[in-house]
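Chemist: could you look at this predicted model? Sequence included:
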Amino acid sequence: MSYILAIESSCDDTSAAVLRDDLLLSNVIASQKVHEQYGGVVPELASRAHQQNIVPVVDTAIRNAGIEKEQIDAVAFTRGPGLLGSLLVGVSFAKSFAQALGVPLVEVNHLQAHVLSHFIRTPESATPPPQFPLMCLLVSGGHTQILLLHSHFDMELIGQTIDDAAGEAIDKAAKIMDLGYPGGPIIDRLAQQGNADAFQFATPHIAGYDYSFSGIKTSFLYFLRDRLVEEPDFIEHHKADLCASIQKCIMGFLLKKFEKAALQHKVRQVAIAGGVSANSYLRNGIAALGKKHHWQVFVPPFQFCTDNAAMVGIAGHFKYLRGEFADISLPPYTN
Ligand code: KG4
Ligand code: ZN
């Protein structure tokens, strides 16, 4: 039995979690509201907010777990990818905390952590974790990848975006409509009242299992520009339909390629992960595909979709078992 303290600070969420083996004991997330007024994450402000949040967040995570810090066996931290100034806060804190306790450090890749969130056990876990091979659609603000997992850390890249990430595309669509930041959850909410077939936006033909989202964003922008000439209140009058239509376009494109990839690779277990996996169209869509093809589908609980330290903790747990420890001199990486 081992206790892992995990720290995540790659972007604009400061988070700490404690796990006892694969069981999650606490997961504390401090989200940074300061970026909303700028319509995107401001790196310098993110770094400063992490510095303010890290001590209380870690302290709360340890207290919520009901343990003493002396019981911690290892400290896992997100080493990258992410924003350098943000990562530095978590990485430096993890190193000094581990050194003070005299316990090993475990470095975690943020993307692997998103995928491995499906292996976190909670008191509410109803089903056993996935088995291998597992195909996972990883969709976040910075990444869009189809991965084929042969084991926890053997992740084969099957396809990926050649330009914007899916989350980035949906956030940009929201920005064009002046809906606020981050736009993904806002579009998801407004789309509930809209007609997803009201407007059509073309999706590009990309070979294999790769994606491209920059063209969708541009066609959305030009479509609105033309309509606004005829009707200045076009966005206001058609907001819900626009949200539902662009959401269907992006999520439908994600699902279509993923379905092809899963069929081609003959997998029986599929999953979605990352911030965009909180999207209701995507969650319903993957569930429907599972029904159609008799796949077992893994959809993460909402608390593990966007950035959190619990996922860093589970990745850290598997590495701890393998004795894969990090040297104190390791720098963070951005890509
Ligand atoms: O994984 P994440 O928290 O951070 C990165 O590692 O990038 O993902 C953030 C992304 C943002 O683009 C945000 O708009 C999107 O996840 N997102 C959503 C929803 N909730 C978060 N996109 C669509 N629908 C949602 N419900
Ligand atoms: Zn993330």
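Modeler: Yep, it's here. Ligands and ions are numbered 1, 2, ... in the order given.

Chemist: rest of the way, CA atoms for contacts and neighbours
Modeler: Noted.

Chemist: care to break the chain down by domain?
Modeler: 3-122+305-322, 134-300 (automatic domain parsing).

Chemist: how is the closest residue to ligand 1 within the stretch 1-150 of the chain assigned, secondary-structure-wise?
Modeler: Nearest residue of the stretch 1-150 of the chain to ligand 1 (CA to the nearest ligand atom) works out as residue 141 at 3.2 Å. For residue 141, the secondary structure call by DSSP: H, G, I helix; E, B strand; the rest coil comes out as coil.

Chemist: in this structure it contacts residue 166, no?
Modeler: Yes: with contacts counted by CA atoms under 8 Å, residue 141 reaches residue 166, the gap being 6.8 Å.

Chemist: now for the two: what residues contact both?
Modeler: Contact criterion CA atoms under 8 Å, 6 or more residues apart in numbering; residues shared by residue 141 and residue 166: residue 276.

Chemist: of these two, who's got more company?
Modeler: Counted by other CA atoms under 10 Å, residue 141 and residue 166 do not tie: residue 166 has more neighbours, with 29 against 19.

Chemist: show me the contacts for that one.
Modeler: 139, 140, 141, 142, 143, 144, 213, 250, 276 are the contacts of residue 166 under CA under 8 Å, 6+ apart.

Chemist: rerun at 6 Å
Modeler: Listed by CA atoms under 6 Å, 6 or more residues apart in numbering, the contact set of residue 166 is empty.

Chemist: identify the bridge partners of residue 144.
Modeler: Beta-bridge partners of residue 144, counted by DSSP bridges, are residue 139.

Chemist: please report how far it lies from residue 279.
Modeler: Applying CA to CA, to the nearest Å, the value for residue 144 to residue 279 is 14 Å.

Chemist: same question, residue 36
Modeler: Using CA to CA, residue 36 is found at 20 Å from residue 279.

Chemist: same deal with residue 301?
Modeler: If you measure residue 301 against residue 279 using CA to CA, the figure is 12 Å.

Chemist: comparing these two, which residue is more hemmed in?
Modeler: Per other CA under 10 Å, whichever of residue 301 and residue 279 has more neighbours is residue 279, with 19 against 14.

Chemist: how about residue 202, phi and psi?
Modeler: The phi/psi pair for residue 202 (degrees, to the nearest 10) reads phi -70, psi 140.

Chemist: repeat that for residue 67.
Modeler: Main-chain torsions, residue 67, degrees, to the nearest 10: phi -120, psi 170.

Chemist: ok, residue 237 next?
Modeler: Residue torsions, per degrees, to the nearest 10, at residue 237 are phi -70, psi -20.

Chemist: what's the burial count for it?
Modeler: Neighbour number of residue 237 under other CA under 10 Å is 11.

Chemist: just the strands in the chain please.
Modeler: Listed in chain order, the strands of the chain (DSSP state E) span 3-8, 13-20, 23-31, 74-80, 105-109, 134-139, 144-149, 155-160, 269-273, 296-298.

Chemist: quick one: closest of those to residue 331.
Modeler: strand 74-80 (7.5 Å; CA to CA).

Chemist: ok, which residues in this structure are in contact with ligand 1?
Modeler: Counting by CA under 6 Å from any ligand atom, the residues of the chain close to ligand 1 are 140-142, 167-168, 171, 182-185, 188, 274-276, 278-279, 306-307.

Chemist: how many residues are close by residue 229?
Modeler: Residue 229: 10 neighbours (other CA under 10 Å).

Chemist: pull out the buried positions in stretch 30-46.
Modeler: Neighbour counts over stretch 30-46 (16 or more other CA atoms under 10 Å) mark 30, 31, 32, 35, 39, 40, 41, 43, 45, 46 as buried.
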